[in-house]
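# the sequence and its predicted three-dimensional model are supplied below.
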Amino acid sequence: MNSTALITGATAGFGEACAHEFASNGWNLIITGRREERLTALKSEIESKFDVSVLTLCFDVRDNDTVNKAIDSIPSDVRSQVHLLINNAGLAVGKGPIDEGIIDDWERMIDTNVKGLLYVSKAVIPMLKENGSGQIINIASIAGKQVYPGGNVYCASKHAVDALSQAMRIDLVSHGIKVTNIAPGAAETEFSIVRFKGDQNAADSVYNGYQPLVAKDIAETAYFAATRPPHVTLNDIVIMPTAQASPAVLYKSEV
Ligand code: NDP
Ligand code: 8X3
């Protein structure tokens, strides 16, 4: 297997789990994120466990120049093996009524989830085209399908990801590039710690009383989507905890 997957946001959560899942199945990796020490540690761990090579690229997806410099630095022998981009880097910041929203939180979400995904995609798509095939997996969210109280701007940013998945599919079909949108419900990662700005109690309360998804559930789903035969594309996958019927309808046991 000579395929390489480029995964954004591999320093935690879904991205880190995808790195393990793909490497354990023989894929080489390009892992990215802002926390360089985590990237270095993940590279060492994966290369010691599996017979694959891992390239680390430390950048902020919100900075288009840095994104381009990082992607341009990929050596040509690695470039020619890149067949999969997993656009996973993203975040929610804050949750509350729209009129009480904090402008900086809105900008962080829109700049990361929408503009960052666009910058990385624009930089990587030429590689997929050159290589004659490929796949983009966009990690959207159930928040990109349905809006819930206090979710306003995060939901809007993920609706944008959902729309961009559809748009990419249309614009790239003639290049044989598959586009898969994955829309998870509640999953226990660092997501809620980030959303609630380090408030551990607020983060824990999101996952109390039911079994949320775990990062491995998403990684296995992404791997399944990436390993369908050439004539098959999984366009859109909604994956939820069994106890979550919709973003705001959770069946919680009595505490
Ligand atoms: P985590 O917080 O655990 O991981 C987020 C990852 O994104 C980290 O690796 C982080 O790396 C990276 N990231 C964030 N901002 C930037 C940035 N500006 N530049 C580069 N990398 C960045 O969250 P999850 O794994 O849960 O989230 C992954 C994706 O899944 C997100 O897009 C999220 O919206 C989505 N999602 C999450 C769900 C959940 O319930 N957990 C459900 C549905 C979708 P670093 O900080 O090192 O830069
Ligand atoms: C994360 C899931 O429901 O908290 O995208 O928005 S949710």
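Here it is on my side, so go on. Note that the structure is predicted; figures quoted are calculated from it, not measured. Numbering: from 1, shown residues only. Ligands and ions are numbered 1, 2, ... in the order given.
# check which helix or strand Lys32 maps to.
Check again: residue 32 is Thr, not Lys. If you go by DSSP states H and E, Thr32 is part of strand 28-33.
# what do you get for Thr180?
Once you assign secondary structure using DSSP H and E, Thr180 falls within strand 177-184.
# C-terminal to that strand, what's the next element?
Counting by DSSP H and E, what follows strand 177-184 is strand 187-188.
# so what would you say the end-to-end distance of stretch 228-247 is?
Start to finish, the residues bounding stretch 228-247 are 29 Å apart (CA to CA, to the nearest Å).
# please renumber so the chain begins at 48
Understood, numbering begins at 48; the last thing we discussed is stretch 275-294.
# and the contacts of the strand holding Thr79?
Judged by CB atoms under 8 Å, 6 or more residues apart in numbering, the contacts made with strand 75-80 from elsewhere in the structure are 49-59, 62, 66, 69-70, 86, 89-90, 93, 99-106, 108, 117, 121, 125, 128-129, 136. Using the backbone N, CA and C atoms, a C-beta is placed for each residue, glycine as well.
# helices of the stretch 198-302 of the chain, residue ranges please.
With DSSP state H, counting those that start in this stretch as the criterion, the stretch 198-302 of the chain has helices at 199-219, 238-242, 247-254, 262-273.
# columns distance to Lys169, mean neighbour count and mean pLDDT on top of these, output as CSV?
Putting these into CSV (distance: least, CB to CB, whole Å; neighbours: other CB atoms under 10 Å; pLDDT from 0 to 100) gives the following:
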stretch, distance to Lys169, mean neighbour count, mean pLDDT
helix 199-219, 11, 19, 99
helix 238-242, 25, 19, 98
helix 247-254, 33, 14, 97
helix 262-273, 21, 20, 99
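# nearest to ligand 1, out of those?
Set against ligand 1 and scored by CB to the nearest ligand atom, the helices of the stretch 198-302 of the chain come closest in helix 238-242, at 3.4 Å.
# near ligand 1 at all, stretch 205-224?
No - when contact is scored as CB under 6 Å from any ligand atom, no part of stretch 205-224 falls within range of ligand 1; the minimum is 6.7 Å.
# hmm, I was thinking of stretch 123-133
No - under the criterion of CB under 6 Å from any ligand atom, ligand 1 is not reached by stretch 123-133; the shortest gap measures 9.7 Å.
# now do the buried residues in that stretch.
The neighbour-count criterion (16 or more other CB atoms under 10 Å) identifies Val125, Arg126, Gln128, Val129, His130, Leu131, Leu132, Ile133 as the buried residues of stretch 123-133.
# what about those, which are in helices?
With helices taken from DSSP state H, the overlap with these comprises Val125, Arg126.
# now do the contacts for Ala207.
Asn160, Val161, Gly191.
# looking at the residues you listed, which has the most residues close by?
Neighbour counts for these were taken using other CB atoms under 10 Å; the highest belongs to Asn160, with 29 neighbours.
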